[in-house]
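Participant: Here's a sequence, model it:
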Amino acid sequence: MRIFRSLAVCSVFGINLVAIGFVCADRLAHPPVAPIPVMARSTQLGPSTTGAIPGSAPVASMKVAPLPKATDGFDTERLNALLRGDPISGPARR
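Facilitator: The predicted structure is shown next:
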């Protein structure tokens with residue numbers, strides 16, 4: 001029985017090797033086709049360049065809205081007050 005298992009494994013391995021060999025030989029016999037040369041073409045100009053469509057008017061830059069003020073960094077004074085046991089108060093309004 002051991003010999004049949006060895007023969008089966010060797011035959012599968014051999015068949016795979018033969019298939020790979022045939023594929024390699026076929027690829028070597030038929031090199032890839034060279035790409036077809038393309039004629040040089042002129043670049044297409046856009047309609048705004050040729051004047052068919054008028055160019056857009058310059059747009060005035062919009063002012064950037066100011067960002068809402070937020071607490072910068074970590075509030076160490078509030079942390080120290082919490083550690084001392086002082087009552088928690090909301091952020092101060094300015």
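
Participant: Do a quick rundown of the helices in this structure.
Facilitator: 2-29, 47-50, 76-84 (DSSP state H).

Participant: Would you mind checking the average pLDDT for the first one?
Facilitator: Mean pLDDT, taken over the full extent of helix 2-29, equals 95.

Participant: Check stretch 32-44 too.
Facilitator: Average pLDDT, stretch 32-44: 79.

Participant: for it, how far is the first residue from the last?
Facilitator: End-to-end distance of stretch 32-44 (Cα to Cα, to the nearest Å): 33 Å.

Participant: mind listing what's buried in it?
Facilitator: Neighbour counts over stretch 32-44 (16 or more other Cβ atoms under 10 Å) mark no residue as buried. To be clear about C-beta, it is placed using only N, CA and C from the backbone, and glycine gets the same treatment.

Participant: Minimum distance to Val64: which of the helices of the chain has it?
Facilitator: Judged by Cβ to Cβ, the one of these that comes nearest to Val64 is helix 47-50, at 28.3 Å.

Participant: Report the mean confidence score over the closest one.
Facilitator: For helix 47-50, the mean pLDDT works out to 68.

Participant: For the helices of the chain, give me CSV that also has mean neighbour count.
Facilitator: CSV is the format used below for the helices of the chain (neighbours: other Cβ atoms under 10 Å):
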stretch, mean neighbour count
helix 2-29, 9
helix 47-50, 10
helix 76-84, 10
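
Participant: In JSON lines, list these along with distance to Ala65.
Facilitator: Shown next, in JSON lines, are those (distance: least, Cβ to Cβ, whole Å):
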{"stretch": "helix 2-29", "distance to Ala65": "64"}
{"stretch": "helix 47-50", "distance to Ala65": "31"}
{"stretch": "helix 76-84", "distance to Ala65": "29"}
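
Participant: Quick one: closest of those to Ser61.
Facilitator: Ser61 sits nearest to helix 47-50 of all the helices of the chain, at 21.0 Å, using Cβ to Cβ.

Participant: returning to what we had before: wait, which of the helices of the chain is closest to Ile36?
Facilitator: Set against Ile36 and scored by Cβ to Cβ, the helices of the chain come closest in helix 2-29, at 21.4 Å.
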